[in-house]
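Asker: Generate coordinates for the sequence data below:
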Amino acid sequence: MILLDIVKRNIRRTPYQALAASMVMFFTFLVLCIFLLLAIGSEQILNYYESKPQAIAFFKDGIQDSDIKVIQDALIATGRVTAFKYVSKNEALAIYKERNKNNPLLLELVTANILPASLEISTVAPEDLKLVAELVKKEPVVEEVVFPEDVVASLTSATRVIRTVGGAVTIFLIIFSTMIIVMIIGFKIRIKREEIGIMKLLGASSWFVRLPYLAEGIFYAVSGAVLGYLVSFGLLWYFEPILKNNLGEVAAVLFPIPLLTMAGFFAVVVLVAVLIGGIGSVVAVRRYLRI
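Answerer: Okay, here's the model as predicted:
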């Protein structure tokens, strides 16, 4: 309680420095949380597309089981295929009806006879799509092969950019925030040299003098981190309906965010804040408080 009272008194005495430190921490962790959410979301979307059938071969009418077996054996021999699934005309109709159940006009004239049977193919890596597609196209019973090569490639590039830019910006902000903590705590120590000297004359231990400054630096970092966390998830909650409308079926992978994930995210943010505040305060104390 004594430590808490001292920290409160120090903050009340220099409210503008306390506000500046907290705001810097807030912007740091707001940016950190946003980049982490973007990185996690893009990674989940990429995993979603990579786990789905990545290439679909549409067959001509009159396909036989023996023809399918030949294609499957050829695909297995490449060593680049993880799984495949044959979709009959009736199964294709059921899928079509499910995807367009909210639009009756699209269902009226569609029958199983006009939909082609297909083979859904999943590859080991997105880079294998082109080779597998060219192999399947050579088969005379294959009408067309489609695969989202550009989508996966774009997602991979976007994920890499988010990681690189986000990591660089986050490192810069963490270093900058730590320096701000050092400057503010150091400033407070300098203007209280006489008070610290009196405390030492009265028999106060070194740790009794240092702990309030360490606790104060951690307080600034944690308060800014909690506020940044709340604002970032508040923005995510606000834009969730828009994201669901634009992402389509992929939105089911991202939303709703599990409570366990949110709790883990919060724990990581607070831990990082404690480290930043603690390190900054320790540096300031060691540099400016020589007792």
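
Asker: make it CA atoms for all contacts and neighbour counts henceforth
Answerer: OK.

Asker: so what's L38 up against?
Answerer: Taking Cα atoms under 8 Å, 6 or more residues apart in numbering as the contact definition, L38 lies against I162.

Asker: With V285 instead?
Answerer: Contacts of V285 were listed using Cα under 8 Å, 6+ apart, and they are I185, G186, I189, R210, Y213, L214.

Asker: May I see the residues you listed organised as JSON lines, with pLDDT and secondary structure added?
Answerer: Conversion of the contacts of V285 to JSON lines gives the following (pLDDT from 0 to 100; DSSP: H, G, I helix; E, B strand; the rest coil):
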{"residue": "I185", "pLDDT": "78", "secondary structure": "helix"}
{"residue": "G186", "pLDDT": "78", "secondary structure": "helix"}
{"residue": "I189", "pLDDT": "74", "secondary structure": "helix"}
{"residue": "R210", "pLDDT": "71", "secondary structure": "helix"}
{"residue": "Y213", "pLDDT": "76", "secondary structure": "helix"}
{"residue": "L214", "pLDDT": "81", "secondary structure": "helix"}
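
Asker: now, which of those residues sits nearest D65?
Answerer: Using Cα to Cα, L214 is the member of those that sits closest to D65, with 73.4 Å.

Asker: Now name the helix or strand holding the closest residue to the closest one other than its chain neighbours.
Answerer: Nearest-residue entry for L214: S281, 5.0 Å, with adjacent residues in sequence omitted and distances by Cα to Cα, 6 or more residues apart in numbering. Element membership of S281, judged by DSSP states H and E, is helix 259-288.

Asker: Give the buried residues for that helix.
Answerer: Under the neighbour-count criterion of 16 or more other Cα atoms under 10 Å, helix 259-288 has 265-266, 269-270, 272-285, 288 buried.

Asker: about what we covered before: I figured the residue nearest to L214 was touching R210, is that so?
Answerer: No - taking Cα atoms under 8 Å as the definition, S281 is not a contact partner of R210, at 9.3 Å.
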